[in-house]
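Engineer: I would like the atomic coordinates for the input below:
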Amino acid sequence: MRSAMAAEEVHLQEGRQQLESLVRVAKAVYDHDVAEVERECSALDRERVVFIAAREKAMKALRELVDQREALTILKAWARGTRAGGGHHTARGHPPHSQGQGAPIL
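Structural biologist: Next up is the predicted model:
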């Protein structure tokens, strides 16, 4: 009976050592995967910052273009108005005041 228990003890010891070995390998693989994920996340964070800055720059350029387009539209309308109305408008697009109307309102 003692030899059966001793054999069982040896068998259990070998099984435990195999499990410990598998756990060490699994932990090494896990640690490697975690490190790789952390590197990828850091790289993605850096890319995200670059893309956000580029998007903000593009949005600023777009706002400037929209403002320029609005200004051009106003200038075109003013130019059409001066041609159609005889061309007697001030720089602000208002007709000049007659001498009898008092000081111009700007």
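Engineer: how near is the residue positioned nearest the centre of the chain to Met59?
Structural biologist: Note on the chain: the residue nearest the mean C-alpha position is Ile52, at 2.9 Å, using CA atoms, centre = their mean. Going from Ile52 to Met59 by CB to CB, to the nearest Å gives 10 Å. For every residue, glycine as well, the C-beta is placed using N, CA and C.
Engineer: repeat that for Val25.
Structural biologist: Distance of Val25 to Met59, computed by CB to CB: 50 Å.
Engineer: what about Asp31, neighbour count?
Structural biologist: Under the neighbour criterion other CB atoms under 10 Å, Asp31 is assigned a count of 10.
Engineer: can you tell me the element it falls in?
Structural biologist: helix 2-84 (DSSP states H and E).
Engineer: Thr82 - how many residues pack around it?
Structural biologist: 14.
Engineer: per-residue pLDDT, it?
Structural biologist: pLDDT, Thr82: 85.
Engineer: re the thing from before, report the distance from the helix holding Asp31 to the chain centre.
Structural biologist: Taking the mean of its C-alpha atoms, helix 2-84 sits 12 Å from the chain's own mean (CA atoms, centre = their mean, to the nearest Å).
Engineer: just for the chain, where's the confidence low?
Structural biologist: 85-106 (pLDDT under 70).
Engineer: returning to what we had before: tell me what the helix holding Asp31 is packed against?
Structural biologist: With contacts taken as 3 or more CB pairs under 8 Å, 6 or more residues apart in numbering; DSSP states H and E, helix 2-84 sits against no other helix or strand.
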